[in-house]
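> what follows is a predicted structure for the sequence shown.
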Amino acid sequence: MSITSKELAKILNLSPAAVSMALNNKPGVSTATRKLVIETADRYGYDFSKLAEKHNLKGTIYFVIYKKHGAVVSDTPFFSELSEGIALGCKKADYKLKISYVYEDEDIVENQLEEIQYSDCIGMIVLGTEMRPEDLKPFQKLPLPFVLVDSYFETVSCNCVLINNVQGAYLAASHLIRKTKKQPGYLHSSYEIGNFAERNSGFFKAVRAHGMSSAKSIVHHLTPSMDGAYADMKEIIEKGEELAPCYFADNDLIAMGAMKALKEAGYRIPQDIAIAGFDNLPFSKVFEPALTTINVPKHYMGEMAAARLIEMLKAPSSNPVKIEVGTALVERKSTDL
C-alpha cells in the first residue's frame with residue numbers, strides 16, 4: 001500500500017497543506033521544500049498517478065525556451081507559430097503545456113532547471129536555436145525526457161525536430177541564379193548558430209552546383225534583426241563596398257532590413273538587386289516589394305515535437321529520432337525579373 005500525503009506530512013514534520021501544495025505544484029512553498037517532499041514521496045512509494053487523475057490530465061509538458069544572447073530567439077511570429085503547434089499537439093493528447101524561459105546570463109542553468117524538475121513537469125520540449133552542444137549537458141542530466149526543436153548536433157544523441165536548412169538555402173540560391181543569371185551574394189548573420197551554418201552550406205552548395213566559384217560570392221555579415229540589418233547595410237552602402245546583383249539572406253528580418261537600406265540609397269528591388277529571405281514570416285508578403293522567401297512549416301514542427309515527446313513518455317526506452325521538416329520556395333516580387 002502506498003504512502004498517503006498525510007503520512008508524508010508526519011514524516012517530514014510539515015503541515016498537510018504544505019505537502020499538498022508541493023505535490024500539486026501550487027504556490028506557497030519554497031523550491032527546496034517542494035524538492036524535499038517529492039523526493040521523500042518517491043522514496044516511500046507515493047502514488048503520483050493520483051495527481052494526474054485528480055486534474056483529469058495526463059501531465060504537464062514544458063516548452064523550455066533557451067536564450068543565450070536573444071539576438072535570434074525573440075518574440076517573432078516564427079516562435080509564436082512554433083509554440084502554437086506545440087500547444088495543439090499537447091492539447092490533442094490531453095497534456096497541459098507550460099512555457100518556461102531559461103536565461104544563460106542570469107543564473108546557472110542547473111538552478112533554473114531544478115525548479116522545472118521539481119515542478120509538475122513530466123517532459124520537455126527544448127528550443128535549441130541559440131544552443132551549442134555543451135549547453136545540452138544540464139538537460140541530459142535530468143531524469144526527464146526531452147525533445148530538442150529547431151536544432152541538431154552530430155555529437156549529441158537526443159530526439160530532435162528541425163528544419164532542412166541546407167535544402168531551403170539551396171532552393172533560394174538556385175532560384176536567384178536562375179532569375180538573374182548572375183553570381184549571388186550572401187547576407188549572412190553576424191551571430192553564429194547551427195541553423196545559419198547549415199544555410200551557409202546550402203547556399204554555397206547551390207553556387208557550386210551552378211558552376212560558379214564560392215570565392216566570388218560577395219558576403220556581408222549583418223545583425224539578424226530588421227533594425228540591426230538595416231543599420232549594418234546602410235553602413236556598407238555608405239562605405240562604398242561592392243554590392244552583389246542579388247542576395248540570399250539568412251532570414252527574412254535580415255532581408256527586409258537590407259532592402260530598406262538599399263531602397264533608401266536609390267536601388268530598385270528587384271531590377272537593380274534581387275533578394276530572397278528565409279522563414280516566410282507573415283509580414284514578408286506585405287513588405288514592399290513582397291519578399292521571396294523559404295517557407296518553414298512552423299506550426300507542423302511544433303506538433304511533431306509534441307507528438308515525439310508523447311511517444312517517448314509512452315515508451316521511455318525508444319531510440320532517439322531525428323525528424324527533419326522540409327521547406328518550400330515562395331516566389332514574390334523581390335525576385336520577379
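Looks like it came in fine. All of these numbers come straight from a predicted model, not from anything done at the bench.
> in space, what's closest to residue 297 - neighbours in sequence excluded?
residue 325 (5.9 Å; CB to CB, 6 or more residues apart in numbering). (Glycine included, C-beta is placed from N, CA and C.)
> contact partners for residue 119?
Counting by CB atoms under 8 Å, 6 or more residues apart in numbering, residue 119 touches 25, 34, 60, 62.
> list the buried ones in the helix or strand that the second one is a member of?
What it means is residue 34. Counting by DSSP states H and E, the element that carries residue 34 is helix 31-43. For helix 31-43, a neighbour-count test (16 or more other CB atoms under 10 Å) marks 33, 34, 35, 36, 37, 38, 40, 41 as buried.
> can you lay out these as a markdown table showing distance to residue 198 and pLDDT?
Below are the buried residues of helix 31-43 laid out as a markdown table (distance: CB to CB, whole Å; pLDDT from 0 to 100):
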| residue | distance to residue 198 | pLDDT |
| --- | --- | --- |
| 33 | 45 | 88 |
| 34 | 40 | 87 |
| 35 | 39 | 87 |
| 36 | 44 | 89 |
| 37 | 44 | 88 |
| 38 | 40 | 87 |
| 40 | 46 | 89 |
| 41 | 44 | 87 |
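> now the stretch 101-250 of the chain, which segments are flagged as low pLDDT?
105-107 (pLDDT under 70).
> which stretches in it count as strands?
121-127, 146-149, 159-163, 185-189, 219-222, 246-249 (DSSP state E, counting those that start in this stretch).
> related to what we said a few turns ago, so which of the contacts of residue 119 belong to strands?
60, 62 (DSSP state E).
> could you dump the contacts of residue 119 to a markdown table with distance to residue 186?
Converted to a markdown table, the contacts of residue 119 look like this (distance: CB to CB, whole Å):
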| residue | distance to residue 186 |
| --- | --- |
| 25 | 48 |
| 34 | 50 |
| 60 | 43 |
| 62 | 37 |
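> most surrounded residue in the contacts of residue 119?
Compared across the contacts of residue 119, residue 62 has the highest neighbour count, 24 neighbours, by other CB atoms under 10 Å.
> tell me the pLDDT at that one?
Note for residue 62: predicted pLDDT of 94.
> just checking, it touches residue 124?
Yes - the criterion here is CB atoms under 8 Å, and residue 62 meets it with residue 124 at 4.8 Å.
> overlap of the contact sets of the two?
residue 116.
> neighbours of residue 90, how many?
27.
> so what's it closest to, chain neighbours aside?
Residue nearest to residue 90 in three dimensions, not counting chain neighbours: residue 97, with 4.3 Å by CB to CB, 6+ apart.
> so the closest residue in space to residue 219 that isn't next to it in sequence bridges to which residues?
If the residues on either side of it in the chain are set aside, residue 219 comes closest to residue 186, at 4.6 Å by CB to CB, 6+ apart. In this entry, residue 186 is beta-bridged to residue 219, residue 248, by DSSP bridges.
> and residue 186, what does it touch?
200, 203, 217, 218, 219, 220, 247, 248, 249.
> of the residues you listed - the most surrounded one?
Counting by other CB under 10 Å, top hit in these: residue 248 with 36 neighbours.
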